[in-house]
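>>> Here is a sequence together with a model predicted from it:
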Amino acid sequence: MIAFPAGLPGFAQCRRFLPLEDASRKPLMFLQSLEEPQLCFLTLPISAVDPAYRLKINAEDLALIGLEKQPGPGDPAECWVIIAFGEDHIPFANLLAPLLINRATALAVQAVRDDSVYSCRHPLRPLAEVSACS
Amino acid sequence: MLVIRRRAGESILIAGDIEIEVLETSPTRVKLGIRAPKDVDIVRKEIGLIAGENLSAARDIPLDLLTPMLALLDSRPAPSQGAGTPAHSRLPRHL
């Protein structure tokens, strides 16, 4: 069980979630609300969506989950992104507001960036296509 | 849009009981202090945007679309893994 002490935007009352991973659907993780049975988010590790993603978490969000500095490799912190499907069934990832989970404290936060470097509707595309566009 | 010039230490008042004070300014940011009645909801604008995105992401998850989505990810070169570290728990290399 992980707890979001501040809830998630739009679901401020939902604090406790169960991370569910399915071996046949790696690296997907379902985040099932324990307060609201109908509420389940689909998430992917941020490194699977954008291996070059640059985290930027503000001090308030870090403190909320018991971290003192920007997490780096080796820290018990994981970064996930919520996946949604557009009407055309194209999956996109919310890179503007990644989920940061501190496994050591079992606390998590949806860290909304205050810059506009990343989109909240980043389409998932094969990497070859991503490179071809840049 | 109403435009008002203010300096650090100066305030504006909205509807009589909401006060927004400019606390500090720098070339790129301003620090604001807000005094308002408890029932006034105050959030950064991005939070409102993310609330809408979360609501739309939390609609029924189309299970039949998960396999094609994973196939899409699998079509990308696997990132190199640190010894003993499962890929799913790694942070992006460039922080």
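Sure, I can see it.

>>> Where does the closest residue in space to B:Ser11 that isn't next to it in sequence sit, in terms of helix or strand?
Excluding its sequence neighbours, the residue lying closest to B:Ser11 (Cβ to Cβ, 6 or more residues apart in numbering or on different chains) is B:Glu21, at 4.2 Å. C-betas here are computed from N, CA, C, even on glycine. Following DSSP states H and E, one finds B:Glu21 within strand B:18-25.

>>> Following element in sequence after that strand, please.
strand B:30-35.

>>> which helices and strands does that following strand pack with?
With contacts taken as 3 or more Cβ pairs under 8 Å, 6 or more residues apart in numbering or on different chains; DSSP states H and E, strand B:30-35 sits against strand B:18-25.

>>> Starting from the strand it packs on, tell me which strands it pairs with and how they run.
Within its sheet, strand B:18-25 is paired with strand B:11-14 (antiparallel), strand B:30-35 (antiparallel), according to DSSP bridges.

>>> Can you pull the phi and psi angles for A:Glu60?
The phi and psi values for A:Glu60, taken as degrees, to the nearest 10, are phi -60, psi -40.

>>> circling back to that earlier point, relative to A:Glu68, which of the strands paired with strand B:18-25 is closest?
With Cβ to Cβ as the criterion, A:Glu68 lies closest to strand B:30-35 of the strands paired with strand B:18-25, at 21.9 Å.

>>> Regarding A:Ile101, what is its secondary structure?
For A:Ile101, the secondary structure call by DSSP: H, G, I helix; E, B strand; the rest coil comes out as strand.

>>> Now for it: which residues touch it?
A:Ile101 makes contacts with A:Ile2, A:Pro19, A:Ile65, A:Ala77, A:Glu78, A:Cys79, A:Trp80, A:Leu107, A:Ala108, as judged by Cβ atoms under 8 Å, 6 or more residues apart in numbering or on different chains.

>>> again with A:Leu20
For A:Leu20, the contact set (Cβ under 8 Å, 6+ apart) comprises A:Met29, A:Phe30, A:Leu31, A:Gln32.

>>> Identify the bridge partners of it.
Beta-bridge partners recorded for A:Leu20 (DSSP bridges): A:Phe30.

>>> quick one: it and A:Asp50, what's the gap?
23 Å (Cβ to Cβ, to the nearest Å).

>>> quick one: terminal-to-terminal distance for stretch A:52-70?
16 Å (Cα to Cα, to the nearest Å).

>>> Can you list the low-confidence ranges for chain B?
B:76-95 (pLDDT under 70).

>>> Can you show me the strands along chain A?
With strands called from DSSP state E, chain A shows them at A:2-3, A:16-21, A:29-33, A:40-45, A:77-85, A:91-93, A:99-102, A:107-110, A:122-123.

>>> Test my guess that A:Cys120 contacts A:Ala97.
Yes: A:Cys120 is within contact range of A:Ala97, at 6.4 Å (criterion: Cβ atoms under 8 Å).

>>> Kind regards, and thank you for your time.
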